[in-house]
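Colleague: build the 3D model from these lines:
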Amino acid sequence: MKRMDAILAIAEEGKDALIICNIGFPSRELYAARDQPENFYMLGSMGMASSIGLGLALARPNRKVISIDGDGAVLMNLGTLATIANYAPDNYLLVILDNCAYGSTGCQPTATCGRTDLAQVARAAGIREVQTASTLEDLKASIGVRGCMALVAKIEAGNAEVPIIDISPKQILKRFRGVLRAESSAASGSCSKIY
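Modeller: So this is what the prediction gives:
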């Protein structure tokens, strides 16, 4: 399966979720596939999408949170898997798009090209629900599952031809915060102005 197809499926199946997306081409592909204020595009913090998504899931227990991460990024922050396992919010889905390469920097091979299996690593870290998807159908079936899950999606190497994100990091943050503030105001019944 191609990463762009996987990202489009995640965007469609998780259209009501808050989505945190890994840096580089994955963010660019999500932006091209389905831009919305509920998407937070990582533009400079490789390895942190899974951690930010976990924090958001803990802070917003009534909202589905999906982190889209890459194999290279997860390998840079393996400790996040243990933290996810120990907090295990039932509204959190970590999708690891494993193409065995650092796709945004020239497709250099990652450790998953060799002996490292991120599904086994996630299980060993204590995440109870870990699945592997090699088809779009498998991927789509797992997105709507309730509970804390790590989903390793096996994808082909290669990047889609998509434009660079044309909104600034400040704008990305402002509109994402706007969604969260609006939800907080609605939940509390507040009529306070949202800046």
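Colleague: show me what contacts residue 125?
Modeller: 78, 81, 82, 84, 85 (Cβ atoms under 8 Å, 6 or more residues apart in numbering). Using the backbone N, CA and C atoms, a C-beta is placed for each residue, glycine as well.
Colleague: quick one: it and residue 137, what's the gap?
Modeller: To residue 137, residue 125 is 27 Å away according to Cβ to Cβ, to the nearest Å.
Colleague: hang on, the earlier thing: could you turn the buried ones of the contacts of residue 125 into a ChimeraX selection?
Modeller: To isolate the buried subset of the contacts of residue 125 in ChimeraX, counting by 16 or more other Cβ atoms under 10 Å, use the following:
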select :81,84,85
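Colleague: need the contacts of residue 125 in a markdown table (columns: pLDDT and secondary structure).
Modeller: What follows is the contacts of residue 125, written out as a markdown table (pLDDT from 0 to 100; DSSP: H, G, I helix; E, B strand; the rest coil):
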| residue | pLDDT | secondary structure |
| --- | --- | --- |
| 78 | 95 | coil |
| 81 | 98 | helix |
| 82 | 98 | helix |
| 84 | 98 | helix |
| 85 | 98 | helix |
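Colleague: just the contacts of residue 125 now: which is nearest residue 10?
Modeller: residue 84 (17.6 Å; Cβ to Cβ).
Colleague: list the helices and strands the longest helix anywhere in the chain packs on?
Modeller: Ranked by residue count and defined by DSSP state H, the top helix of the chain is helix 169-188. Judged by 3 or more Cβ pairs under 8 Å, 6 or more residues apart in numbering; DSSP states H and E, helix 169-188 is in contact with strand 39-41.
Colleague: what sits up against the strand it packs on?
Modeller: Residues contacting strand 39-41 (Cβ under 8 Å, 6+ apart): 18, 19, 20, 21, 27, 30, 31, 52, 165, 172, 173, 176.
Colleague: ok, the last one touching residue 42?
Modeller: No. Residue 176 sits out of contact with residue 42 when judged by Cβ atoms under 8 Å, with a separation of 11.4 Å.
Colleague: test my guess that residue 152 contacts residue 133.
Modeller: Yes. Using Cβ under 8 Å as the test, residue 152 is close enough to residue 133 to be in contact (7.3 Å).
Colleague: fine, thanks again, bye for now.
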